[in-house]
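K.L.:
Next comes the sequence, and after it the predicted model I'd like to discuss.
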Amino acid sequence: MPIELQVNGQAASVDVEPTTPLLWVLRETLRLTGTKFGCGAAQCGACTVHVDGKAERACVLPVSSVAGRSVTTIEGLVATGRVGAALAAAWIGLEVPQCGYCQSGQLMSAATLLAETDAPSDEDIDEVMEGNVCRCATYVRIRGAIHQAAATLRGGR
């Protein structure tokens, strides 16, 4: 039986095993490859997506658990909305990515933070971003980009 969900504002119907991780449905079935596979154990954050506005690790989330719910991937975050645009501009402006592999997960986590607070402290950023691993260690740039995006969203730039 097909599983119905909303992905980036569009209705999607997928005919997969209910236990299939959402990550593989997004990447293999729906061809939304911005969400990355990193560890497969919800420890690195590369697979972060939003489910009903909350950051979730898609590598361990069965697709059946998001039936009827709204899923936003990096493609949807960057394509629409002020938060995605502000984060993308800050990421580019501060040259955050090195290899870029973790960046979609980093951006998705940062977006949930900015949806909850308009002026995050370093501690707020560190707490929310803690589960996102960057092998290139661009953490200082990531923090700076989040502060810049927050300022932009507040109208400060």
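P.N.:
Received the coordinates, thanks.
K.L.:
quick one: the most centrally placed residue in the chain and Val25, what's the gap?
P.N.:
Central residue of the chain (CA atoms, centre = their mean): Met108, 2.3 Å from the mean position. Distance from Met108 to Val25, counting by CB to CB, to the nearest Å: 17 Å. Placement of C-beta: from N, CA and C, glycine included.
K.L.:
residues touching Ile74, list them.
P.N.:
Gly34, Thr35, Val49, Ser104, Leu107, Met108 (CB atoms under 8 Å, 6 or more residues apart in numbering).
K.L.:
Now the second one. Its backbone dihedrals?
P.N.:
Backbone geometry at Thr35, expressed as degrees, to the nearest 10, gives phi -80, psi 130.
K.L.:
The chain: strands as residue ranges?
P.N.:
3-7, 10-14, 48-51, 54-57, 70-72 (DSSP state E).
K.L.:
Could you identify which of these is most buried?
P.N.:
strand 48-51 (a mean of 25; mean count of other CB atoms under 10 Å).
K.L.:
quick one: average pLDDT of it?
P.N.:
Mean pLDDT, strand 48-51: 98.
K.L.:
Equivalent analysis for stretch 18-25, please.
P.N.:
Averaged across stretch 18-25, the pLDDT comes to 98.
K.L.:
try stretch 112-128
P.N.:
96.
K.L.:
follow-up on the earlier one: quickly name whichever of the contacts of Ile74 is closest to Gly9.
P.N.:
Checking these against Gly9 with CB to CB, the nearest one is Val49 at 13.5 Å.
K.L.:
how far away is the closest residue to that closest one other than its chain neighbours from Arg82?
P.N.:
Nearest residue to Val49, sequence neighbours excluded (CB to CB, 6 or more residues apart in numbering): Ala58, at 4.8 Å. To Arg82, Ala58 is 24 Å away according to CB to CB.
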